[in-house]
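Trainee: build me a model from this:
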Amino acid sequence: LCSQLSEESSRKMLPLLDRAIGLAPDYAQALAMKGWITMWRAFQGWEDMGYALALARDIVQQAIAADDKEPWAYLAQAMIAFATRDNVLAMAAVSQAVAINPNSAFAHGQLGLAHANGGRAADAIPCIDYALRLSPREAFLGDFQFYYAMAYFQGANYELGLSYAREAHRLRSGHAVPLVIGTACAGLLDDQEAATDLLGRLKSLVPDISRDAVGATSSFVSAEDRARLIEGLARAGLD
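Mentor: Numbers count the residues shown, from 1 in each chain. Got it, this is the predicted structure:
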């Protein structure tokens, strides 16, 4: 359910995780995944970010106290860092997950995302490349294409950003943020046909989405990167 990356699948995860935690209150992976998916839902616009942050901060502490060698605890901590644009914490958390499990393709992919969010597109790409070499049939493959889209947008390569955002959408059509990136890339490219198509798809997933909401929750650390994102969405036609 987690790897399906949709509103329905992520919502169905939560009672299953609660059941696991009820059976084993110190089950670190279940605790951490609850924090991770709640943060993920907030980034899509399906949970209140303030609520998600409060829950995730508490639950990550519980997870690390239960098992400080559980990689998901640090991946959930990184989601908190992405939301608060804390580049230092994001890099430390994801690096810890990679150190604990060097064979986790997902962790290496998230390291690429941390670099992209932090303004280091050139460092992001090799991390995602490595993740794909580790696991070319990865359950989270749609996320890897999204990480590429984030990195190429950050590096102002909007053609590749649009291409990877479209591929991420094809693989996981319920994931909203790739559509945000793709729409912004299309807007900055003045590709009105693509912008209109992607914006329509985005609004079908998050009907009340707005430029203000995207700007408030964007994980890009740099104000300049966030401003380019908002400019692209405005040129694509998002209010």
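Trainee: next, count neighbours for residue 183.
Mentor: 31 (other Cβ atoms under 10 Å). Quick note: C-beta positions are derived from backbone N, CA and C, even for glycine.
Trainee: switch to numbering from 270
Mentor: Sounds good: first residue 270 from here, last item residue 452.
Trainee: list the contacts for the residue nearest the centre of the chain?
Mentor: Nearest residue to the geometric centre of the chain (Cα atoms, centre = their mean): residue 309, 6.4 Å. Counting by Cβ atoms under 8 Å, 6 or more residues apart in numbering, residue 309 makes contact with 274, 279, 348.
Trainee: host element of it?
Mentor: Assigned by DSSP states H and E, residue 309 falls within helix 297-313.
Trainee: could you give me the buried positions within that helix?
Mentor: 297-313 (16 or more other Cβ atoms under 10 Å).
Trainee: related to what we said a few turns ago, which one (most neighbours) among the contacts of residue 309?
Mentor: residue 348 leads those on contacts (other Cβ under 10 Å) with 28 neighbours.
Trainee: chain center to the helix or strand containing it, what's the gap?
Mentor: Element membership for residue 348 (DSSP H and E) is helix 340-353. Mean-position distance between helix 340-353 and its chain equals 10 Å (Cα atoms, centre = their mean, to the nearest Å).
Trainee: which strands or helices does that helix pack on?
Mentor: Using 3 or more Cβ pairs under 8 Å, 6 or more residues apart in numbering; DSSP states H and E as the contact test, the elements touching helix 340-353 are helix 297-313, helix 318-335, helix 356-369, helix 374-386.
Trainee: give the buried residues for that helix.
Mentor: 340-352.
Trainee: check stretch 441-458 too.
Mentor: Under 16+ other Cβ under 10 Å, the buried positions of stretch 441-458 are 441, 444-458.
Trainee: repeat for stretch 367-380
Mentor: In stretch 367-380, counting by 16+ other Cβ under 10 Å, buried: 367, 369, 370, 373, 374, 375, 376, 377, 378, 379, 380.
Trainee: quick one: contacts for the second one?
Mentor: Just to be clear, that refers to residue 369. The neighbours of residue 369, taking Cβ under 8 Å, 6+ apart as the test, are 338, 339, 340, 343.
Trainee: who's in contact with the last one?
Mentor: Spelled out, that is residue 343. Residue 343 neighbours (Cβ under 8 Å, 6+ apart): 362, 363, 365, 366, 369.
Trainee: now render those residues as a markdown table, adding distance to residue 326 and pLDDT.
Mentor: Shown next, in a markdown table, are the contacts of residue 343 (distance: Cβ to Cβ, whole Å; pLDDT from 0 to 100):
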| residue | distance to residue 326 | pLDDT |
| --- | --- | --- |
| 362 | 12 | 98 |
| 363 | 17 | 98 |
| 365 | 17 | 98 |
| 366 | 17 | 98 |
| 369 | 20 | 98 |
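Trainee: on the three-state scheme, residue 477 is what?
Mentor: Three-state call for residue 477 (DSSP: H, G, I helix; E, B strand; the rest coil): coil.
Trainee: sounds good, over and out.
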